[in-house]
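Novice: what follows is a predicted protein model with its sequence.
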Amino acid sequence: MNDLFNTLARPDWPGAPDGRAVLFMILLAFTTGMFIGFVYMWTHEALSYSRTFVGALAVMPVIVSMLMASMSGSLLVAFGLLAVFGVVRFRNVLKDTRDTSYILWVIMEGLAIGTTRFSVAVLAGVGIGCAFLILRVMNFGVRNRYDAVLSLRITGDVPAQMVLLKSTLKRHAMRLDLASERRSTTEGTDLSYRLLLRDTGRSSELQAELARLEGLQNVSVYMHEDEAEI
């Protein structure tokens, strides 16, 4: 066991980073990637949002840093990596960003092992695997800005009905945003709200309470776990 630890701690070739340097690179790259993911998550304002993309932002610096560690000091290895990317082809387009991260991870491990960078391969494999597990446990990338969508139609006295509607929604939701409003002089006003409910288990109670209010029609509540890519 001591021989194994000593082997992992030693540089794979003269001038290469030793085991402690590789571990520091993994930790620093993962910390930087998570910071980038947090910044992206809290500054993203468009409708299309992907949790897996945010997770890929956190892990990608680790994979890239380990690729560079495997290639450092060898121009032939760098050209070999280009050849690998040229050979790899997929019949189906990878739609999930996380799938691309795993493909890069596999390529990095094969490159490190094939060029006898054994300590980099082992430490990077354990480090990147732990990074993915940490992101899984943390539910990294989840934004609970809202967890339900409410659509309905208001008829009759719209201003008075709006007061009753908002007071009811505020009892059930911590935050509500008017997503769309379409007015019609004959049929009424169609509204759509995005809600962050106080208790997601009481969504049916909210729908029933709104349906009992006079002047509200076509009340529907749609639930979802988190924001997803459109």
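Specialist: It's in. Residues are numbered from 1 along each chain as shown.

Novice: the domain parsing of this protein - what is it?
Specialist: 2-138, 148-223 (automatic domain parsing).

Novice: now do the helices in the chain.
Specialist: 2-9, 19-43, 51-71, 75-87, 97-114, 118-138, 158-172, 203-212 (DSSP state H).

Novice: would you turn the ones you listed into TSV with distance to Asp190 and mean neighbour count?
Specialist: C-beta coordinates here come from the backbone N, C-alpha and C atoms, glycine included. Output for those, formatted as TSV (distance: least, CB to CB, whole Å; neighbours: other CB atoms under 10 Å):
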stretch	distance to Asp190	mean neighbour count
helix 2-9	64	11
helix 19-43	31	16
helix 51-71	30	22
helix 75-87	50	11
helix 97-114	35	18
helix 118-138	39	17
helix 158-172	11	14
helix 203-212	14	15
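
Novice: out of those helices, which gets nearest to Leu152?
Specialist: With CB to CB as the measure, helix 203-212 is the member of these nearest Leu152 (6.5 Å).

Novice: the closest one - contacts with which helices or strands?
Specialist: Helices and strands touching helix 203-212, by 3 or more CB pairs under 8 Å, 6 or more residues apart in numbering; DSSP states H and E, are strand 148-154, helix 158-172, strand 216-223.

Novice: now mean pLDDT and distance to Gly188 too, for those, in CSV please.
Specialist: Formatted as CSV, those follow (pLDDT from 0 to 100; distance: least, CB to CB, whole Å):
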stretch, mean pLDDT, distance to Gly188
strand 148-154, 86, 5
helix 158-172, 84, 8
strand 216-223, 84, 7
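
Novice: same list, these, but as a markdown table with distance to Leu135 please.
Specialist: Shown next, in a markdown table, are those (distance: least, CB to CB, whole Å):
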| stretch | distance to Leu135 |
| --- | --- |
| strand 148-154 | 26 |
| helix 158-172 | 32 |
| strand 216-223 | 24 |
